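1. What would the 3D arrangement of this be:
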Amino acid sequence: MSLNKIALLTYSTKPRGGVAHTLSLAESLAELGQEVHVYALATGREFFRQVEVPYTLIPCPEIQFRSMDEKVTSYIKIYTNYLKSVTDEYDIFHAEDCISANALLNLRNMDLIDYYVRTIHHIDDFTSPSLVECQLKSIVEPDYVIAVSKFWERELSEKYSLNPVVINNGVSTSNLTKINATDSKEDSKKTFNVSGARVLLSIGGIEPRKNTITTLKAYNIARSELEEKGQKLVWLIGGGETLFDYRDYRDEFFSEVKSLGLELDKDVFVLGNVPEDKMPSLYNSADVFVFPSIKEGWGLVVLEAMAASVPVIASGIEPMTEYLLDEENALLISPMDYEDLAQKIMILLDNTDLQAHFIKRGLNTTKMYSWQNAARKHIEFYNDILIKDSNLKAVGND
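-> Numbers count the residues shown, from 1 in each chain. Okay, the predicted model is just below:
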């Protein structure tokens, strides 16, 4: 296997899906003998977890920008200016998001690099003009495109006439299973101050794409039904920091919490970013993992929940239906049907045999997806690119 020098670029150090993808891919590429360096924009903070490959954090100002447009423009400029000094150090430049992809586009337009790769995880419904432009350029301008699912391959082909290669995500299981043999589910619940309660878990924070308000409505129905049986149901929400501003949606969410008569840190626990060493306990505290997202690139946290032996209720949408089968390894719902979601929550909480069934099938599902396999496919893709580039240069020199 040939040695390639690879720069993997991401926009953040926060525990978002694309960032987690970047780090896991980088480490798996390094394990297979590749020379990998990760670059990320950072506002004075380290990555959310320990990173086992060399990396550079590019400083970004911790200021209040006047608009999202100003922020995005500034971040692309910062990224571009920093990367100018390293363009001769790598064979492959690979962007994992629209901001780093636009920085690489700038470098290519300056003739500082010949080509670059972009992984497209999903396409957002942005309203900010700068983000709309940033995303569009990051889709149509890269020389080589990777999609993480067959669904997004089809979308990119039909809507943008692209021909991406599909390389699925992997799932990291080693950290998720680091629960002491003596630690029970109840011990993990104590860690998050929900001892004695039944626990719903969601990862991804509060934002429109994660459909958090629908989950809130479903949770409230299930909570009321369990309360009549003398049981307490709580909801833990982990993660969610992002570059993008979902303030209006968050305000609506917290207003709905109040109008339903629910209390934060008693019924609904908004945990924010949970330290990586506590993630095994967070998953272990959950009785059910709920993920009614309306749009996903892959739904990596669903596989993480399965790897951590948590039964899953998720949206029956592509691309998650590429690895989820209703009533086989998960319960699937229509994303906006909060009444059906509430019913499915109650069904799963009331049926230990069904929980065991989904846990077993979920673990079997995760075995099909490894980062090592994903890394091997990336190396094959990179090698094809380098052969094409070499042939083009040879033709140009004739």
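
2. tell me the SS of residue 6?
-> Here residue 6 is strand, with the state taken from DSSP: H, G, I helix; E, B strand; the rest coil.

3. mind checking how far it is from residue 271?
-> Residue 6 sits 34 Å away from residue 271, going by C-beta to C-beta, to the nearest Å. C-betas here are computed from N, CA, C, even on glycine.

4. Same check on residue 260?
-> Separation of residue 260 from residue 271 (C-beta to C-beta) stands at 19 Å.

5. same check, this time on residue 80
-> To residue 271, residue 80 is 35 Å away according to C-beta to C-beta.

6. When these two are compared, which one has more neighbours?
-> Shown here are residue 80 and residue 271; by other C-beta atoms under 10 Å, residue 80 has more neighbours (20 against 17).

7. residue boundaries of the strands in the stretch 201-350 of the chain?
-> Secondary structure of the stretch 201-350 of the chain, counting by DSSP state E, counting those that start in this stretch: strands at 233-238, 268-272, 288-291, 312-315, 331-333.

8. okay, now residue 74: neighbour count?
-> With other C-beta under 10 Å as criterion, residue 74 counts 15.

9. Now do whichever helix or strand it is part of: distance to the chain's middle.
-> Using DSSP states H and E, residue 74 maps to helix 68-83. Centroid separation for helix 68-83 versus its chain: 22 Å, with C-alpha atoms, centre = their mean, to the nearest Å.

10. Quick one: list the elements packing against the next helix or strand after it.
-> Under the assignment DSSP H and E, the closest C-terminal helix or strand after helix 68-83 is strand 92-95. With contacts taken as 3 or more C-beta pairs under 8 Å, 6 or more residues apart in numbering; DSSP states H and E, strand 92-95 sits against strand 5-10, helix 98-109, strand 117-120, helix 371-397.

11. how does it look with 10 Å?
-> If contacts are counted by 3 or more C-beta pairs under 10 Å, 6 or more residues apart in numbering; DSSP states H and E, strand 92-95 sits against strand 5-10, helix 17-31, strand 35-42, helix 98-109, strand 117-120, strand 144-147, helix 371-397.

12. Ok, which of those comes nearest residue 193?
-> Proximity to residue 193 (C-beta to C-beta) singles out helix 17-31 among the helices and strands packed on strand 92-95, at 25.8 Å.

13. quick one: least confident helix or strand in this protein?
-> helix 371-397 (a mean of 89; mean pLDDT, DSSP states H and E).

14. Run through the stretch 151-300 of the chain and note the low-pLDDT ranges.
-> Within the stretch 151-300 of the chain, the stretches with pLDDT under 70 are 174-183, 241-245.

15. Tell me where it has helices.
-> For the stretch 151-300 of the chain, the helices defined by DSSP state H, counting those that start in this stretch cover 185-191, 212-228, 247-259, 279-285, 300-307.

16. Save those as CSV, and put in distance to residue 62 too.
-> Listed next are the helices of the stretch 151-300 of the chain as CSV, based on distance: least, C-beta to C-beta, whole Å:
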stretch, distance to residue 62
helix 185-191, 30
helix 212-228, 26
helix 247-259, 18
helix 279-285, 26
helix 300-307, 28
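
17. Which stretch among the ones you listed is buried most, on average?
-> Each of those was assessed for mean neighbour count using mean count of other C-beta atoms under 10 Å. The highest is helix 300-307, with a mean of 26.

18. which helices and strands does that helix pack with?
-> Under the contact criterion of 3+ C-beta pairs under 10 Å, 6+ apart, helix 300-307 touches helix 17-31, strand 198-203, helix 279-285, strand 288-291, strand 312-315, helix 352-366.

19. Could you list the buried residues of the first one?
-> Of the residues in helix 17-31, those buried under the neighbour-count criterion (16 or more other C-beta atoms under 10 Å) are 17-30.

20. list the helices and strands that helix packs on?
-> strand 5-10, strand 35-42, strand 55-59, strand 92-95, helix 98-109, strand 117-120, helix 300-307, helix 371-397.

21. cool, the fourth one as well?
-> In terms of contacts (3+ C-beta pairs under 10 Å, 6+ apart), strand 288-291 is packed against strand 198-203, helix 212-228, strand 233-238, helix 300-307, strand 312-315, strand 331-333, helix 338-350, helix 352-366.

22. Would you agree residue 86 is in contact with residue 79?
-> No: here residue 86 lies out of contact with residue 79, judged by C-beta atoms under 10 Å, at a distance of 11.5 Å.
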